[in-house]
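A.B. asks: Attaching a predicted model along with its sequence, questions to come.
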Amino acid sequence: MAGVRQLAVARRHGNDPSGLSDECLVARILDGHGAEFEALVRRHQGAIYSFILRMVRDPEEAMDLCQEVFLKVFSSLERFDPQFRFTTWLYRIASNTAIDEIRRRRTGAVFSLDAPVTDESAPREVAGDEPSPDEMFAARETRGRLEEALKELPEGYREVLLLRHQGERRYDEIARITGLPIGTVKNRIFRAREMLRRAL
């Protein structure tokens, strides 16, 4: 019902899709406003690129795969089920695309649970919160050990861990993205964390 109200508001206020939900944008695109797909791409391409990059660890390949994901989304938009969140469906397509590529390469990709890249030019709230050189070195060393440990995780464990920590997906969303029972998702995440703790 909220999506219907948003659609009505959008029709009254012209073509600015910035305040609409993903699901309402999809409805408008399917209703003949195909140009608004660009708004969906702008809204999510950064997060999807970051997720895929951490899966395949190759910036150019990640960019190509990101474009492939949005082409797949556009070509199959009519199959989106509005009962679920658009981002759950989007991450499922991104996850499957990245895993297909990893399997094609048959090499162990390096993964990271680092937070997405932020705007380094943004002003900091506290002048004295800059890390010291020793802290920065320790953080880099820890990230390096983490990525080495992640390389050793089975593919299915890396996937759910990235979706949970880097993609910030809920357990039920990860279950829909991966097609796994929610109990299996929780178990894999728990076991993956334990494996990382032992490795580190």
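C.D. replies: Sure thing, it's come through.
A.B. asks: check contacts around residue 103.
C.D. replies: For residue 103, the contacting residues are residue 155, by Cβ atoms under 8 Å, 6 or more residues apart in numbering. For every residue, glycine as well, the C-beta is placed using N, CA and C.
A.B. asks: again but with residue 89, I slipped
C.D. replies: Neighbouring residues of residue 89 by Cβ under 8 Å, 6+ apart: 80, 81.
A.B. asks: quick one, phi psi at it?
C.D. replies: Note on residue 89: its backbone torsions stand at phi -60, psi -40 [degrees, to the nearest 10].
A.B. asks: how many neighbours does residue 74 have?
C.D. replies: Applying other Cβ atoms under 10 Å, we find 13 residues neighbouring residue 74.
A.B. asks: where's it relative to residue 64, distance?
C.D. replies: 16 Å (Cβ to Cβ, to the nearest Å).
A.B. asks: and what of residue 43?
C.D. replies: According to Cβ to Cβ, residue 43 and residue 64 sit 20 Å apart.
A.B. asks: Equivalent analysis for residue 78, please.
C.D. replies: Here the criterion is Cβ to Cβ. By it, residue 78 lies 25 Å from residue 64.
A.B. asks: In terms of neighbours, single out the busier of the two.
C.D. replies: With neighbours defined as other Cβ under 10 Å, residue 78 and residue 64 compare such that residue 64 has more, 14 against 8.
A.B. asks: I figured residue 56 was touching residue 97, is that so?
C.D. replies: No - with contact defined as Cβ atoms under 8 Å, residue 56 and residue 97 do not form a contacting pair (9.7 Å).
A.B. asks: okay, and the common contacts of the two?
C.D. replies: Listed as contacting both residue 56 and residue 97 by Cβ under 8 Å, 6+ apart are residue 65.
A.B. asks: buried residues in stretch 33-46?
C.D. replies: Neighbour-count burial for stretch 33-46 flags 36, 37, 39, 40, 43, 44 (criterion: 16 or more other Cβ atoms under 10 Å).
A.B. asks: my bad, stretch 150-157
C.D. replies: With burial defined by 16+ other Cβ under 10 Å, the residues of stretch 150-157 counted as buried are 150, 153, 157.
A.B. asks: Now do the helices in the chain.
C.D. replies: Secondary structure of the chain by DSSP state H: the helices cover 2-12, 22-30, 37-56, 59-75, 86-105, 133-151, 155-165, 171-178, 182-199.
A.B. asks: buried residues in the second one?
C.D. replies: Neighbour-count burial for helix 22-30, counted by 16+ other Cβ under 10 Å, picks out 22, 23, 24, 25, 26, 27, 28, 29.
A.B. asks: and residue 48, what does it touch?
C.D. replies: With Cβ under 8 Å, 6+ apart as the criterion, the residues that contact residue 48 are 66, 69, 70, 90, 91, 94.
A.B. asks: Could I get the residues you listed in CSV, plus columns for distance to residue 183 and pLDDT?
C.D. replies: Supplementary listing: the contacts of residue 48 in CSV, determined by distance: Cβ to Cβ, whole Å; pLDDT from 0 to 100:
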residue, distance to residue 183, pLDDT
66, 31, 93
69, 28, 93
70, 32, 93
90, 24, 94
91, 20, 92
94, 24, 93
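A.B. asks: Okay then, goodbye and thanks.
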